[in-house]
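Engineer: pasting the sequence and the predicted coordinates here, then a few questions.
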Amino acid sequence: MLNHNEDRGVLARSKYGSGSLELSLDETGLKYRFEAPNTALGNELLEGLKRGDITTSSFAFTIENDKWEKRSDGKYLRKINKFKELFDVSPVYRPAYEDTSVKVCTRGLEELKEAEKAELAEYFQNLKNKLV
């Protein structure tokens with residue numbers, strides 16, 4: 001969703017690991033990936049990312065087990081040991097935590113361009129071989 005707003009529509013979805021939304025965990029935290037749909041909402045998201053209006057993410061969840069500790073700098077650190085339920089992940093305009101991010105990943109586009117370039121080079125090589 002965009003800004004956790006289900007009323008606007010869904011950008012992508014995963015149910016029990018299947019669907020248009022890919023979720024993964026690494027040493028930093030939760031990552032999500034999806035292809036923006038060709039809808040008004042998807043286009044709004046892509047334009048907001050392109051313009052830099054949307055740069056952060058958020059997720060809605062409930063906790064089964066967490067632990068708080070006070071750090072030496074006086075700040076508190078929350079360690080989430082187990083989530084109970086994850087409701088949504090959202091690109092947002094104003095996050096609860098500034099250390100989040102969202103960006104357009106064009107890796108698939110670059111792979112396609114490279115494949116097209118290789119195909120074109122092969123075509124011209126075959127054409128050259130026929131002329132010689």
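Structural biologist: Received it, and whenever you're ready, just let me know what you need.
Engineer: how's the chain carved up into domains?
Structural biologist: 6-101, 105-132 (automatic domain parsing).
Engineer: reformat the ones you listed as a markdown table; add mean neighbour count.
Structural biologist: Heads up, the C-betas are built off the backbone N, CA and C, glycines and all. Shown next, in a markdown table, are those (neighbours: other C-beta atoms under 10 Å):
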| stretch | mean neighbour count |
| --- | --- |
| domain 6-101 | 12 |
| domain 105-132 | 9 |
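Engineer: what's the least confident stretch among those domains?
Structural biologist: Lowest mean pLDDT within these: domain 105-132, a mean of 74.
Engineer: now the residue nearest the centre of the chain: closest residue in space, sequence neighbours ignored.
Structural biologist: In the chain, the C-alpha nearest the mean C-alpha coordinate belongs to Arg33, at 3.7 Å (C-alpha atoms, centre = their mean). Setting aside the residues directly before and after it, Arg33 is nearest to Glu22 in space (C-beta to C-beta, 6 or more residues apart in numbering), at 4.5 Å.
Engineer: tell me which element the one you found falls in.
Structural biologist: Secondary structure assignment for Glu22, by DSSP states H and E: strand 21-25.
Engineer: could you do Phe59 as well?
Structural biologist: Per DSSP H and E: strand 56-70 holds Phe59.
Engineer: pull up the pairing partners for that strand, direction included.
Structural biologist: According to DSSP bridges, strand 56-70 forms sheet pairs with strand 76-92 (antiparallel).
Engineer: and the angle from the strand it pairs with to strand 21-25?
Structural biologist: 160 degrees (axes from the mean of the first three to the mean of the last three C-alpha atoms, to 10 degrees).
Engineer: and the contacts of strand 76-92?
Structural biologist: Applying C-beta atoms under 8 Å, 6 or more residues apart in numbering, the contact partners of strand 76-92 are 1-6, 11, 21, 23, 30, 32, 45, 48-49, 54, 56-71, 102.
Engineer: how much space between the closest residue to Cys105 other than its chain neighbours and Met1?
Structural biologist: Spatially, and ignoring its direct neighbours in sequence, Cys105 is nearest to Arg33 (7.0 Å; C-beta to C-beta, 6+ apart). Arg33 sits 15 Å away from Met1, going by C-beta to C-beta, to the nearest Å.
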